[in-house]
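Trainee: sharing a sequence plus its predicted fold:
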Amino acid sequence: MSRAAPIADRATREWQELDSRHFLHPFTDFKALAAEGARIVTRAEGAYLYDSEGRQILDGMAGLWCVNIGYGRKELAEAAYRQMQELPYYNSFFKSANPPAIELARVLAGLTPPQFSRAFFTGSGSESNDTIVRMVRRYWDLMGEGGRKVIISRHNAYHGSTMAGASLGGMSAMHSQGGLPIPDIVHIEQPYWFENGTDVSPAEYGVRAARRLAEKIEEIGPGRVAAFIGEPIQGAGGVIIPPETYWPEIQRICRHYGILLIADEVVCGFGRTGRWFGCEYFGFEPDLMTLAKAITSGYQPLGAVMVSDRVADVLVEKGGEFFHGYTYSGHPVACAVALANLAILRDEGLVDRVREDIGPYLQQRWRDLGEHRLVGEARGVGMIGALELVAHKGTRTFFRNRGEVGLICRDHCFANGLVMRAVRDTMIISPPLVLSRGQVDELFEKAWRCLDLTARDIGLS
Ligand code: PXG
């Protein structure tokens, strides 16, 4: 280890200059960032980030919805170190496999709902969803129903940034760049009661939003529809938590028309809702699941598609080569790190802790933020939450320039040592599952102060 080349120790300005000269960041206005200079994050421990100025920041987003076990767990570093010495890489093509990948597939089969016994490995959530598009269409070909090509998703969904991932997603800004969506992907209303359900109860609205799926299937023609995909809770779209009537009705419709049901568990998976998977929280049984992020708590890039026996049996039994895969499918180091991560989640009872202890406590404090004069709704489940900022408390009146107030609030959060994201004027959190009660209190206090500062800036105080 002592021979590892050290990364130079540079001053913040120097990092920022090099960054803007050489590094094109994802989802970034390059010119605006160059003018401002990036925040240089240098290390992290537990639930805290530290930047190049030595500032401590409470990470209310667990990186990017992924660092479920928190930062700095040596067990994962040791797993990577050991595996890199034993077998740093070998592919899973050409009739080859490696022990960590096989072991991880076995462990995932045990952790996921009973219909799943097989995993297809990828490098990310986007790659997993690309895999799903191809696998679903292949499944229907093998079933002799090759006309079933259409995959139905929701507006404002996020399923990744590759061509198929961004097409499945319902972000119009993303579709406007690069000629998306690709053919045979369509979108229906998202189950966003706060915005769309102003006239009915959440329960009634959940059924109404789900019925959009049946309407779309009838419009397209049932024989042309392959699958429906959804995040149990939409993450990047603004932590949109569907009413409890939604998913059962979606499942009923999928079963009625015989189409496959896909749960994108990239955000909800691995304990965030207090269950291992979001589909278990909402009580539905998907045919395929997209996994990534917290599968390694973000310590290594890794994704997977869980394939139910209904689908896998056809792929296996009806035979023929599936012409799809990645160099890093089943990467031994990423899989070894995932195994160490899942062992921590399981052995330390972190999912139960979210369900029974820290989740309810966070939600109690989060609901207290709902009392703030800027907040129209505080919602959340387990270790995920959203605040709707509104122009007039007690009404669902959004601000005129949607997104402006959210950004003001987000900037105050960063300046005050808290990562809390803004999606439009919805403030969102998704912190590590290992947060202590004291850290929940810290999150609450910082968030309240930043809401105050935001209210002052827009002349609401
Ligand atoms: N599905 C879901 C539900 C996601 O949240 C992906 C797929 C794609 O995963 P990869 O590993 O390819 O990034 C994601 C990723 C944001 C943000 O702004 C969210 C994600 C990625 C980037 C930004 O909240 N989620």
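Mentor: Okay, I see it. Numbers count the residues shown, from 1 in each chain.

Trainee: pull the contacting residues for the residue in the stretch 51-200 of the chain that the ligand sits nearest to.
Mentor: Closest residue of the stretch 51-200 of the chain to the ligand, CB to the nearest ligand atom: residue 125 (2.3 Å). No exception for glycine: its C-beta is placed from N, CA and C like everyone else's. Counting by CB atoms under 8 Å, 6 or more residues apart in numbering, residue 125 makes contact with 159-160, 165, 264, 266, 290-293, 303.

Trainee: phi, psi of it?
Mentor: Phi and psi for residue 125, reported as degrees, to the nearest 10, are phi -70, psi -40.

Trainee: how much space between it and residue 17?
Mentor: 32 Å (CB to CB, to the nearest Å).

Trainee: returning to that earlier point: among the contacts of residue 125, which lie within strands?
Mentor: 264, 290-291, 303 (DSSP state E).

Trainee: can you tell me the closest non-neighbouring residue to residue 165?
Mentor: residue 126 (3.8 Å; CB to CB, 6 or more residues apart in numbering).

Trainee: name the residues of this structure found near the ligand, please.
Mentor: 64, 124-126, 129, 158-160, 165, 231, 235-236, 264, 266-267, 290, 292 (CB under 6 Å from any ligand atom).

Trainee: and with 8 Å instead?
Mentor: Taking CB under 8 Å from any ligand atom as the criterion, the chain approaches the ligand at residues 26-27, 61, 64-65, 124-129, 157-162, 165, 169, 231, 234-236, 264-268, 290, 292-293, 301, 303, 421, 423, 428.

Trainee: now the residue nearest the centre of the chain: closest residue in space that isn't a chain neighbour?
Mentor: In the chain, the C-alpha nearest the mean C-alpha coordinate belongs to residue 267, at 2.6 Å (CA atoms, centre = their mean). Distances taken as CB to CB, 6+ apart place residue 235 nearest to residue 267, at 3.5 Å, with adjacent residues excluded.

Trainee: what pLDDT does that neighbour get?
Mentor: pLDDT, residue 235: 98.

Trainee: restricted to buried residues, select the residues of the chain next to the ligand in ChimeraX.
Mentor: With 16 or more other CB atoms under 10 Å as the criterion, this ChimeraX line picks the buried residues out of the residues of the chain next to the ligand:
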select :61,65,124,125,126,127,128,129,157,158,159,160,161,162,165,169,231,234,235,236,264,265,266,267,268,290,292,293,301,303,421,423,428
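
Trainee: so which of the residues of the chain next to the ligand belong to helices?
Mentor: Taking DSSP state H, the ones among these that sit in helices are 64-65, 125-129, 165.

Trainee: about what we covered before: make JSON lines from the contacts of residue 125 and add distance to residue 273 and pLDDT to it.
Mentor: Putting these into JSON lines (distance: CB to CB, whole Å; pLDDT from 0 to 100) gives the following:
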{"residue": "159", "distance to residue 273": "18", "pLDDT": "98"}
{"residue": "160", "distance to residue 273": "21", "pLDDT": "98"}
{"residue": "165", "distance to residue 273": "22", "pLDDT": "98"}
{"residue": "264", "distance to residue 273": "14", "pLDDT": "99"}
{"residue": "266", "distance to residue 273": "13", "pLDDT": "98"}
{"residue": "290", "distance to residue 273": "16", "pLDDT": "99"}
{"residue": "291", "distance to residue 273": "14", "pLDDT": "99"}
{"residue": "292", "distance to residue 273": "16", "pLDDT": "98"}
{"residue": "293", "distance to residue 273": "14", "pLDDT": "98"}
{"residue": "303", "distance to residue 273": "19", "pLDDT": "98"}
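
Trainee: any idea which of the residues you listed is closest to residue 311?
Mentor: Sorting these by distance to residue 311 puts residue 290 at the head of the list, at 13.5 Å, by CB to CB.

Trainee: that closest one contacts residue 305, correct?
Mentor: Yes. With contact defined as CB atoms under 8 Å, residue 290 counts as touching residue 305 (6.3 Å).

Trainee: which ones are touching the residue of the stretch 251-400 of the chain at minimum distance from the ligand?
Mentor: Going by CB to the nearest ligand atom, the ligand is nearest to residue 266 of the stretch 251-400 of the chain, at 3.5 Å. Contact analysis of residue 266 by CB under 8 Å, 6+ apart lists 65, 125, 128, 231, 235, 290-293, 303.

Trainee: could you find the closest non-adjacent residue to residue 42?
Mentor: Spatial nearest neighbour of residue 42, chain neighbours left out: residue 52 (5.2 Å); criterion: CB to CB, 6+ apart.

Trainee: brain fart, residue 198
Mentor: Nearest to residue 198 is residue 396, by CB to CB, 6+ apart, at 6.1 Å.

Trainee: number of residues surrounding the one you found?
Mentor: Number of residues near residue 396 (other CB atoms under 10 Å) recorded here: 15.

Trainee: residue 41 too?
Mentor: Other residues close to residue 41 by other CB under 10 Å number 14.

Trainee: in a markdown table, list the ones in helices among the residues of the chain next to the ligand along with distance to residue 225.
Mentor: Formatted as a markdown table, these follow (distance: CB to CB, whole Å):
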| residue | distance to residue 225 |
| --- | --- |
| 64 | 32 |
| 65 | 29 |
| 125 | 23 |
| 126 | 23 |
| 127 | 24 |
| 128 | 21 |
| 129 | 18 |
| 165 | 20 |
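
Trainee: next, give phi and psi for residue 198.
Mentor: Per degrees, to the nearest 10, the backbone of residue 198 is at phi -70, psi -20.

Trainee: again, but for residue 156
Mentor: Torsion angles, degrees, to the nearest 10, at residue 156: phi 70, psi 10.

Trainee: residues contacting residue 234?
Mentor: Taking CB under 8 Å, 6+ apart, one finds 154, 156-158, 190, 240 in contact with residue 234.

Trainee: on that earlier part again, pretty sure the residue nearest to the centre of the chain is touching residue 231, no?
Mentor: Yes. Between residue 267 and residue 231 there is a contact under CB under 8 Å: 6.3 Å.

Trainee: shared neighbours of these two, anything?
Mentor: Common neighbours of residue 267 and residue 231 (CB under 8 Å, 6+ apart) are residue 278.

Trainee: where's the nearest residue to residue 341 once chain neighbours are set aside relative to residue 85, distance?
Mentor: Closest residue in space to residue 341, ignoring its immediate chain neighbours: residue 297 at 4.8 Å, by CB to CB, 6+ apart. Using CB to CB, residue 297 is found at 22 Å from residue 85.
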